[in-house]
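> For reference, the sequence and a predicted model appear below.
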Amino acid sequence: MDLATVQNDEDRAKLKEAANTVNFQSVAWIGFYRVIWRWSYQNTPISYEMWLPGDPDMPDADEACVVQTSGEWGDRDCTDQYGFFCQTDTQDTLQNKFIYIDIVMNWIDAQIYCRTHYVDLATITDDTENTFLANILSDVGLSDAWIGLHKNLWLWSDNSSVSLSSVKWESGQPDNVNGNEDCVKASTEGLMADDSCSTPLPFYCREHRKIQRVRFTVKSDGDLDESAVMEAIEKKIKEILSDQDMKFRSSIKWSIQPDGKIFQQQKTQENTHKRRHVRSYIQ
Ligand SMILES: [Ca+2]
Ligand SMILES: [Ca+2]
């Protein structure tokens, strides 16, 4: 289906089981990754960029938020405090589209402010907009203001919702050592570490698992040889599955009933005629 999502204890147990099955003891990719630069508004990727020479700078784990500074962009620590540009839902003129907020805040608070009072932090899509914002800043005699660009989002490849409180990192991770560790690997315990996406590693996939339960009745005039019956049924089911050219792995498991048995004798009148009806589930 996709790379594996390892979000909670149940997922970590499954990952460990998968590793144990093939006696794997190292680290392997899972489907967690850091979104590369995105605009706050609608999570849009960059289509136009105007970085300062040397920015975004590496290695630096913390600089995940972007300021406009004299017409160019610099990545800064998201907890730094600057004024910021919001964008409104009015697109007719740049004067109406962008608003400079002369309150210093960290990037997240600025984002909340813009989303509460306007639409979002500003998205810059071309030179005209970039120059327009640079001129506003120079008019008020300032050099730096937050814009909506950032890269501190983590996502799952299969679009599962991310719960940062329930994922588990190796101690000291994520550390983004070379400034390019945007993908995540996991130990067999499911402890995660960020690493460069171009590192060749084995990987965990997520299976698409469908369970089909089948219940059936066996009629017999004599004593039932349960294991022989089970074997015959399994053989038949495997034949059916392979006839259908199943491209995925399948497995057959018998359901054990509350009394600990697999087959149960049906209490019908026919029992008196030495006919046995047994019923079982197979899945
Ligand atoms: Ca920087
Ligand atoms: Ca790392």
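Great, that's in hand. Numbers count the residues shown, from 1 in each chain. Ligands and ions are numbered 1, 2, ... in the order given.

> What strand or helix carries residue 48?
No secondary structure element spans residue 48, as it lies outside all helices and strands (assigned by DSSP states H and E).

> Can you pull the phi/psi pair for residue 176?
Recorded main-chain torsions at residue 176 are phi 50, psi 50, according to degrees, to the nearest 10.

> Residue 166 versus that one, what's the distance?
From residue 176 across to residue 166, the span is 21 Å (C-beta to C-beta, to the nearest Å). In this view, the C-beta of every residue, glycine as well, is placed from N, C-alpha and C.

> neighbour-wise, which of the two wins?
Neighbour totals were compared for residue 176 and residue 166, and residue 176 leads with 21 against 12 (other C-beta atoms under 10 Å).

> can you pull out the helices in the stretch 1-150 of the chain?
9-21, 94-97, 107-117, 127-139 (DSSP state H, counting those that start in this stretch).

> can you put these in TSV and add mean pLDDT and mean neighbour count?
Written out in TSV, the entries for these read as follows (pLDDT from 0 to 100; neighbours: other C-beta atoms under 10 Å):
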stretch	mean pLDDT	mean neighbour count
helix 9-21	95	15
helix 94-97	94	14
helix 107-117	95	18
helix 127-139	96	15
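
> Out of these, which is closest to ligand 2?
If you check each of these against ligand 2 by C-beta to the ion, helix 9-21 wins as the nearest, at 18.6 Å.

> What is the distance between the closest one and the centre of its chain?
Mean-position distance between helix 9-21 and its chain equals 17 Å (C-alpha atoms, centre = their mean, to the nearest Å).

> how about the residues of the stretch 1-150 of the chain near ligand 1?
Listed as neighbours of ligand 1 in the stretch 1-150 of the chain under the rule C-beta under 5 Å from the ion: 55, 57, 63, 75.

> hmm, try it at 8 Å
Where proximity means C-beta under 8 Å from the ion, the interface of the stretch 1-150 of the chain facing ligand 1 comprises 52, 54, 55, 56, 57, 60, 63, 74, 75, 76.

> Go ahead and confirm the third one touches residue 75.
Yes - at 5.3 Å, residue 55 counts as touching residue 75 under the criterion of C-beta atoms under 8 Å.

> Who has more neighbours out of those two?
Neighbours of residue 55 and residue 75, each counted by other C-beta under 10 Å, are more numerous for residue 75; the result is 23 against 17.

> Stretch 43-62 close to ligand 2?
No - for stretch 43-62 and ligand 2, the contact criterion (C-beta under 8 Å from the ion) is not met; the two come no nearer than 8.9 Å.

> from the chain's centre, how far out does that stretch sit?
Counting by C-alpha atoms, centre = their mean, stretch 43-62 is centred 23 Å from the centre of its parent chain.

> same check, this time on stretch 206-219
Mean-position distance between stretch 206-219 and its chain equals 29 Å (C-alpha atoms, centre = their mean).

> Going forward, count from 45.
Yes, from this point I'll number from 45; that puts the last item at stretch 250-263.

> Now do the buried residues in that stretch.
250, 262 (16 or more other C-beta atoms under 10 Å).

> Now do it: distance from first to last residue.
Across stretch 250-263, the straight-line distance between its terminal residues is 40 Å, by C-alpha to C-alpha, to the nearest Å.

> Please work out the average pLDDT along it.
The average pLDDT within stretch 250-263 is 79.

> and the helices of the stretch 45-194 of the chain as a markdown table, adding distance to ligand 2?
As requested, the helices of the stretch 45-194 of the chain are exported to a markdown table (distance: least, C-beta to the ion, whole Å):
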| stretch | distance to ligand 2 |
| --- | --- |
| helix 53-65 | 19 |
| helix 138-141 | 39 |
| helix 151-161 | 23 |
| helix 171-183 | 33 |
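
> can those go into TSV with extra columns for distance to residue 189?
Output for the helices of the stretch 45-194 of the chain, formatted as TSV (distance: least, C-beta to C-beta, whole Å):
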stretch	distance to residue 189
helix 53-65	41
helix 138-141	15
helix 151-161	9
helix 171-183	6
